[in-house]
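>>> how would this look folded up:
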Amino acid sequence: MSRSRAPLAIGAVAVGGLGYYLYGAGGNAKVAQKDFEADAHKASAKIKGELPGRGSQAEKEAEALGQRAGAKIDSALAKAQANAEVYAKNAEAYAKEAKDATLKKVDQFDKKVEESAAKAKSGVSSWFGGK
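Just a heads-up that it's a prediction; the model follows:
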């Protein structure tokens, strides 16, 4: 079986770091600790100093992205409204044509009924001596 070498590598880095600070401090553990804390503080300050810049940049990018998305939504809404208006006009025209056709058929039916009624009336009148 193979064993993971990660713990060995982490230990080697830690011993190397400890040796670096002890060597720099001339073997004095308290001075090495102060140097380590100072370096850690500098690294922390540098990271914190960079984050707000990245945060405002990310905020600007998010705002620009939001504006682009809003523009696309507005464009889609305008297009949908234009299509809805066209469909509404087409529906009105179709309804008017259907109404006109229906009224024409009703008028034709009424004319046929009146002609048939007139024929029937003349037929019944002839039975009783009328014209």
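>>> name the helices or strands packed onto the lengthiest helix in the chain?
Using DSSP state H to define each element, the chain has its longest helix at helix 29-127. Helices and strands touching helix 29-127, by 3 or more Cβ pairs under 8 Å, 6 or more residues apart in numbering; DSSP states H and E, are helix 6-24. All C-beta spots, glycine's among them, are computed from the backbone N, C-alpha and C.
>>> buried ones in the helix it packs on?
Across helix 6-24, burial judged by 16 or more other Cβ atoms under 10 Å covers 21-22.
>>> So which residues lie in contact with that helix, not counting its own?
Contacts to helix 6-24, defined as Cβ atoms under 8 Å, 6 or more residues apart in numbering, come from residues 28-29, 32-33, 35-36.
>>> out of the residues you listed, who has the most neighbours?
Within these, neighbour counts (other Cβ atoms under 10 Å) peak at Ala32, which reaches 19 neighbours.
>>> wait, doesn't that one sit right on Asp39?
No: using Cβ atoms under 8 Å, Ala32 makes no contact with Asp39, being 10.7 Å away.
>>> Tell me where the model's unsure across the chain.
Along the chain, the model assigns pLDDT under 70 to residues 1-2, 49-56, 123-131.
>>> hmm, back to that, and the angle from the longest helix of the chain to helix 6-24?
130 degrees (axes from the mean of the first three to the mean of the last three Cα atoms, to 10 degrees).
>>> Now do helix 29-127: distance to the chain's middle.
11 Å (Cα atoms, centre = their mean, to the nearest Å).
>>> could the contacts of helix 6-24 go into CSV alongside distance to Ala76?
Shown next, in CSV, are the contacts of helix 6-24 (distance: Cβ to Cβ, whole Å):
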residue, distance to Ala76
Asn28, 70
Ala29, 68
Ala32, 64
Gln33, 62
Asp35, 61
Phe36, 58
